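*Asks:* Curious how this folds, go ahead:
(one chain, ligands or ions: 1)
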Amino acid sequence: MVQLITNVPQYENDIAEEIRLFWGAVEIRAEAEQPEAVMTVTLDERQGVASGTLGSAAACFDVLPDGGDPLERKRQQKRAVKRVAYALLQQACPSDMPWGSLTGIRPTKLLRDLAGRYGDAEAVRQFTEVFSVSPEKLRLAATINAVQRPILESAGPRDLDVYVGIPYCRTRCLYCSFGAEIAKGASVEAYLIPLFDDISRGGRIVREGGWRHRATYLGGGTPTVLSADQLDRLLSHLETVYGGFGAECTVEAGRPDTITEEKLTVLKAHGVGRISINPQTMNDETLRRIGRAHTAREIVETFALARKIGFRSINMDLIAGLPGEDEDDFARTLSAIEALRPDNLTVHTLAIKRSSRLKEQIDRYPLPSRESVTRMIDMGFDCARRIGLWPYYMYRQKYQNGNLENVGYAGRDTICMYNIDMMEETTSILAHGANAMTKRIFDAERRVERIAAPKDVPTYAAKLEKLDGQKRGLFLL
Ligand code: SF4
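*Replies:* Modelled structure (predicted):
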């Protein structure tokens, strides 16, 4: 247990995130009888200084200027206390984190934001000197920002993306915290009733607000738990309501055990350009361990089927650091993927999410070391390069092994605009479905307003009217 004594309780969680970078899911309390360590973090607002101690370690940093903007002041104060905590931890248990003191999920957005406000050189200085980001990760973020620039510049202020969520899966993965329901025929069909209504209401918002529909993404859960007929009806409804899908449409088909020739044919007939077929690993033993009801062979067969039907933009998701896997296992997965040559590859680092079965049963599952996962991530990068793919978007999650990241790789013509819009929070998202997150971006104010739809389907259906009112409030300003 760590005792945290601070005069800025509003930043307690932020300081706790720094502590957990080094010490994992340790308990942190303001008062403790026999703590293993005591950290103090103090902010002197008048002097503009943050300081702290941890055992014999001490650190002190200036709060950077805020230009008289109260929101910016809060931001800079938070960064200063986090920087103090990080410096203390580094002294107490010497070890460099790849992303330094950054704990947010969007480092690329932060780098772009800093460059926009202070210029490229100052953004680089702050990344390396203030946040202690490693040169490799700075390079990754800068490369991705350069790739994203034309996509971001192509978005207008009244553009939005449409997201449709299908919160059902065939089985629950060991590491899942999403809370997808297990798909049963009748419940999925019943879900389509409020979903179609939600989409119709969204179409009215877009028309009344003069919005331009830029891209469409069907995610989950697993959208292909829908039958071919249900997919056909859903896509037809979207086309009718929105007059098409915008410039691109992705369906996260996900698991091969839910994908059939008939469903792929329906997607193709509606002009869906991009699909995902997500193996996570190509090792059957691991697939069983993580609760997936398919084999590596089915992945290969489904991929071949999608190619035969004419899909030229197929993404595959992998996870580095799965329980029981070592670097040899990951190398085997990568060589199987290399043989398939997908058009997009997304390499995730395993995150031990709070509400996952993995977190509950962590003692039963041996996990690879931080160093090993770091090497796996590098192997993923090399594999992507060999098949002609480059990093184009990234994000981080809490509790990722090695405090690493998830990176999406694409070829020049297979970049998914929606993934960039969504992760960078540069384009508003009008989301439909249970557990789907609508976001309105107020770019000039660097502000994002969110509306989260209820997770469980009956509550979602019951609250549709209210949800619509909230969306109208945000999008018809
Ligand atoms: S496919 Fe995704 S949403 Fe479904 S159980 Fe697995 S991790 Fe969760």
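*Asks:* bridging residues for the residue most central in space within the chain?
*Replies:* Nearest to the geometric centre of the chain sits Y395, at 5.2 Å (Cα atoms, centre = their mean). Going by DSSP bridges, Y395 is paired in beta bridges with N406.
*Asks:* 56 is where my numbering starts, stick with that
*Replies:* Sure thing, new numbering starts at 56, so read that last one as Y450.
*Asks:* Check the contact between it and N474; I expect there is one.
*Replies:* No. Assessed by Cβ atoms under 8 Å, Y450 is found out of contact with N474, at 9.2 Å. Just so you know, the C-beta spots here come from the backbone N, C-alpha and C atoms, and that holds for glycine as well.
*Asks:* Spell out which parts of the stretch 156-305 of the chain neighbour the ligand.
*Replies:* Within the stretch 156-305 of the chain, the positions lying close to the ligand (Cβ under 6 Å from any ligand atom) are 224, 227-228, 231, 233, 235, 275-277.
*Asks:* Keep only those of these that are in strands.
*Replies:* Among those, the members found in strands (DSSP state E) are 224, 275.
*Asks:* Closest to G159 out of the residues of the stretch 156-305 of the chain next to the ligand?
*Replies:* Set against G159, the nearest of those by Cβ to Cβ is F233 (20.5 Å).
*Asks:* who's in contact with the residue of the stretch 356-505 of the chain found nearest the ligand?
*Replies:* Going by Cβ to the nearest ligand atom, the ligand is nearest to S411 of the stretch 356-505 of the chain, at 8.7 Å. Applying Cβ atoms under 8 Å, 6 or more residues apart in numbering to S411 gives the contacts 229-232.
*Asks:* Let me see the backbone angles for it.
*Replies:* Backbone torsions of S411, given as degrees, to the nearest 10, read phi -90, psi 160.
*Asks:* Now do it, the pLDDT please.
*Replies:* At S411, the model reports a pLDDT of 92.
*Asks:* thinking again about what came up before, now pLDDT too, for the contacts of S411, in a markdown table please.
*Replies:* Shown next, in a markdown table, are the contacts of S411 (pLDDT from 0 to 100):
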| residue | pLDDT |
| --- | --- |
| L229 | 94 |
| Y230 | 93 |
| C231 | 92 |
| S232 | 89 |
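*Asks:* re earlier: what about the residue of the stretch 356-505 of the chain closest to the ligand, distance to F385?
*Replies:* Going from S411 to F385 by Cβ to Cβ, to the nearest Å gives 20 Å.
*Asks:* Mark which of the contacts of S411 are part of helices, please.
*Replies:* The members of the contacts of S411 all map outside helices under DSSP state H.
*Asks:* Now list the buried members of those.
*Replies:* 229-232 (16 or more other Cβ atoms under 10 Å).
*Asks:* How is the protein divided into domains?
*Replies:* 56-149, 151-205, 209-522 (automatic domain parsing).
*Asks:* among those, which is nearest L529?
*Replies:* That would be domain 209-522 among the domains of the chain, by Cβ to Cβ, at 4.2 Å.
*Asks:* E263 and M477, how far apart?
*Replies:* From E263 over to M477 (counting by Cβ to Cβ), the distance is 24 Å.
*Asks:* So between those two, which is more surrounded?
*Replies:* Using other Cβ atoms under 10 Å as the criterion, E263 and M477 rank with M477 on top: 22 against 11.
*Asks:* residue ranges of the strands in the stretch 56-205 of the chain, please?
*Replies:* 57-61, 83-84, 92-99, 104-109, 112-117 (DSSP state E, counting those that start in this stretch).
*Asks:* most packed of the ones you listed?
*Replies:* Ranked by mean neighbour count under mean count of other Cβ atoms under 10 Å, the strands of the stretch 56-205 of the chain are led by strand 104-109, which reaches a mean of 21.
*Asks:* one step back: of all the strands of the stretch 56-205 of the chain, which one is nearest F436?
*Replies:* strand 112-117 (32.7 Å).
*Asks:* Counting by contacts, list what the closest one packs against.
*Replies:* Of the remaining helices and strands, those touching strand 112-117 by 3 or more Cβ pairs under 8 Å, 6 or more residues apart in numbering; DSSP states H and E are strand 104-109, helix 125-147.
*Asks:* From the rest of the structure, what touches it?
*Replies:* The contact list for strand 112-117, computed with Cβ under 8 Å, 6+ apart, reads 103-107, 135, 138-139, 142-143, 146-147.
*Asks:* Among those, which ones lie close to the ligand?
*Replies:* Applying Cβ under 6 Å from any ligand atom to the contacts of strand 112-117, one finds that nothing falls near the ligand.
*Asks:* Which of those residues sits closest to the ligand?
*Replies:* R138 (34.0 Å).
*Asks:* isn't that closest one right next to S156, touching?
*Replies:* Yes. Contact criterion Cβ under 8 Å: R138 and S156 qualify, at 5.6 Å.
*Asks:* Which of the two has more residues huddled nearby?
*Replies:* Higher neighbour count among R138 and S156: R138, with 25 against 22, using other Cβ under 10 Å.
*Asks:* residues in contact with that one?
*Replies:* Residues in contact with R138 (Cβ under 8 Å, 6+ apart) are 105, 114, 116, 156, 185-186.
*Asks:* Also M371?
*Replies:* By Cβ under 8 Å, 6+ apart, the contact set of M371 is 331-334, 358, 392, 395, 397, 399-401.
*Asks:* just the strands in the stretch 406-532 of the chain please.
*Replies:* Counting by DSSP E, counting those that start in this stretch, the strands of the stretch 406-532 of the chain are 445-450, 461-465, 483-487, 492-497, 502-507.
*Asks:* Any chance of TSV for the buried ones among the contacts of S411, columns distance to V428?
*Replies:* Formatted as TSV, those follow (distance: Cβ to Cβ, whole Å):
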residue	distance to V428
L229	17
Y230	14
C231	19
S232	19
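*Asks:* In these, find the pair that's most separated.
*Replies:* Spatial extent of the buried ones among the contacts of S411 (Cβ to Cβ) is set by the pair L229 and S232 at 10.7 Å.
*Asks:* hmm, back to that, wait, which of the contacts of strand 112-117 is closest to I364?
*Replies:* Of those, the one sitting nearest to I364 (Cβ to Cβ) turns out to be R138, at 52.1 Å.
*Asks:* counting contacts, what elements does the helix or strand bottoming out on mean pLDDT in the chain pack onto?
*Replies:* Least confident helix or strand of the chain, by mean pLDDT, DSSP states H and E, is strand 236-237 with a mean of 80. Strand 236-237 makes packing contacts with strand 223-224 when contacts are defined by 3+ Cβ pairs under 8 Å, 6+ apart.
*Asks:* So for the strand it packs on, mean pLDDT?
*Replies:* Mean per-residue pLDDT for strand 223-224: 94.
*Asks:* And stretch 350-358, by the same measure?
*Replies:* 97.
*Asks:* CA atoms of that stretch as CSV?
*Replies:* Output in CSV follows, covering the C-alpha atoms of stretch 350-358 (Å, rounded to 0.1, in the frame of the first residue of the first chain):
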residue,chain,number,x,y,z
THR,A,350,-9.1,-22.1,-34.9
ALA,A,351,-6.2,-20.5,-36.8
ARG,A,352,-7.2,-22.6,-39.8
GLU,A,353,-10.6,-21.0,-39.9
ILE,A,354,-8.9,-17.5,-39.9
VAL,A,355,-6.9,-18.5,-43.0
GLU,A,356,-10.0,-20.0,-44.7
THR,A,357,-12.2,-16.9,-43.9
PHE,A,358,-9.5,-14.6,-45.2
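*Asks:* picking that back up, in JSON lines, list the strands of the stretch 406-532 of the chain along with mean pLDDT and distance to the ligand.
*Replies:* Compiled in JSON lines, the strands of the stretch 406-532 of the chain are given as follows (pLDDT from 0 to 100; distance: least, Cβ to the nearest ligand atom, whole Å):
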{"stretch": "strand 445-450", "mean pLDDT": "97", "distance to the ligand": "16"}
{"stretch": "strand 461-465", "mean pLDDT": "98", "distance to the ligand": "13"}
{"stretch": "strand 483-487", "mean pLDDT": "98", "distance to the ligand": "16"}
{"stretch": "strand 492-497", "mean pLDDT": "96", "distance to the ligand": "14"}
{"stretch": "strand 502-507", "mean pLDDT": "95", "distance to the ligand": "16"}
